[in-house]
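Undergrad: test case, fold it:
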Amino acid sequence: MKFKNYFLLFFIGTLANVWSQTSLEAQNLLELASKQMESYKNIAFEFSYVLNNRMEQINQESSGQVTVASEKYKLNFLDAIQLFDGKALYTIVPENEEITITQAEDEEDFGINPKELLEFHKKGYDYHWDISQRLKGKNIQFVKLIPTKDDGEIQSLLVGIDTQKNHIYKLIEVGGNGTVTTLTINNMKVDSSLPKNFFVFNEADYPNYYINN
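TA: Down below sits the predicted model:
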């Protein structure tokens, strides 16, 4: 993977020790944020999503909302609703009046899982301490993640953490093809009072919809 040879020939003994401490510090911060967010009964937030590739002159901006409670989630994004009740994923597209049902065991093309926001970093990455910034009144510390295996799809990830609340605030993915994808979390609410049927799919709510399962 690119960016792996950090000053390996320059005072290798001393720098190896310092780099080890820095990587551990970065990993600990990620774990702290992950545990903090997992401690809530539920999390709801709005987010902005920007995809940019200067070489291809592509810039796409969109936004969405998501509510997560344990394994369940409800996501509004790109003119579709994804509802996961813990067993099945319901993708609802109002424009087409169509609903697609996917079972959890069908891992392939299972859709977007916001739960991975808390867990994606636990496997397959090296951790590195990165820059600190003041963004919208928040102290944001970035941790850089570099894949341990070069599959060509992801060059690196930057995870911005609000150090006051230990909340993940920003994710920046740099793809192998030069595409930069940025997700920014806004207006986070935790431990809200949700209706009992909030994550329950009710077919009666979608009359005349075509259901594909």
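
Undergrad: show the pLDDT at E105.
TA: Predicted confidence (pLDDT) at E105: the value is 66.

Undergrad: now the one 3 residues further on
TA: On the pLDDT scale, E108 is placed at 48.

Undergrad: try Q65
TA: Q65 is given a pLDDT of 91.

Undergrad: I'd assumed N76 was in contact with it.
TA: Yes. Taking Cβ atoms under 8 Å as the contact criterion, Q65 and N76 are neighbours in contact, 4.8 Å apart. For glycine as for every other residue, the C-beta is placed from the backbone atoms N, C-alpha and C.

Undergrad: could you point out which element follows the lowest-mean-pLDDT helix or strand in the chain?
TA: Taking mean pLDDT, DSSP states H and E as the measure, the helix or strand of the chain with the lowest value is helix 116-119, at a mean of 56. Going down the chain from helix 116-119, the next helix or strand is strand 125-135, by DSSP states H and E.

Undergrad: for that following strand, the distance to its chain's centre please.
TA: Distance of strand 125-135 from the chain centroid (Cα atoms, centre = their mean, to the nearest Å) equals 16 Å.

Undergrad: render the CA-only coordinates of it in PDB, please.
TA: Presented in PDB, the C-alpha positions along strand 125-135 are these (Å, rounded to 0.1, in the frame of the first residue of the first chain):
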ATOM      1  CA  TYR A 125      -6.300  -0.600   8.700                       C
ATOM      2  CA  ASP A 126      -3.100   1.000  10.100                       C
ATOM      3  CA  TYR A 127      -3.800   4.000  12.300                       C
ATOM      4  CA  HIS A 128      -1.900   7.300  12.100                       C
ATOM      5  CA  TRP A 129      -2.300  10.600  14.000                       C
ATOM      6  CA  ASP A 130      -3.200  13.400  11.700                       C
ATOM      7  CA  ILE A 131      -4.100  17.100  11.800                       C
ATOM      8  CA  SER A 132      -6.300  18.900  14.300                       C
ATOM      9  CA  GLN A 133      -8.700  21.600  13.100                       C
ATOM     10  CA  ARG A 134     -11.400  23.900  14.600                       C
ATOM     11  CA  LEU A 135     -14.500  23.400  12.500                       C
END
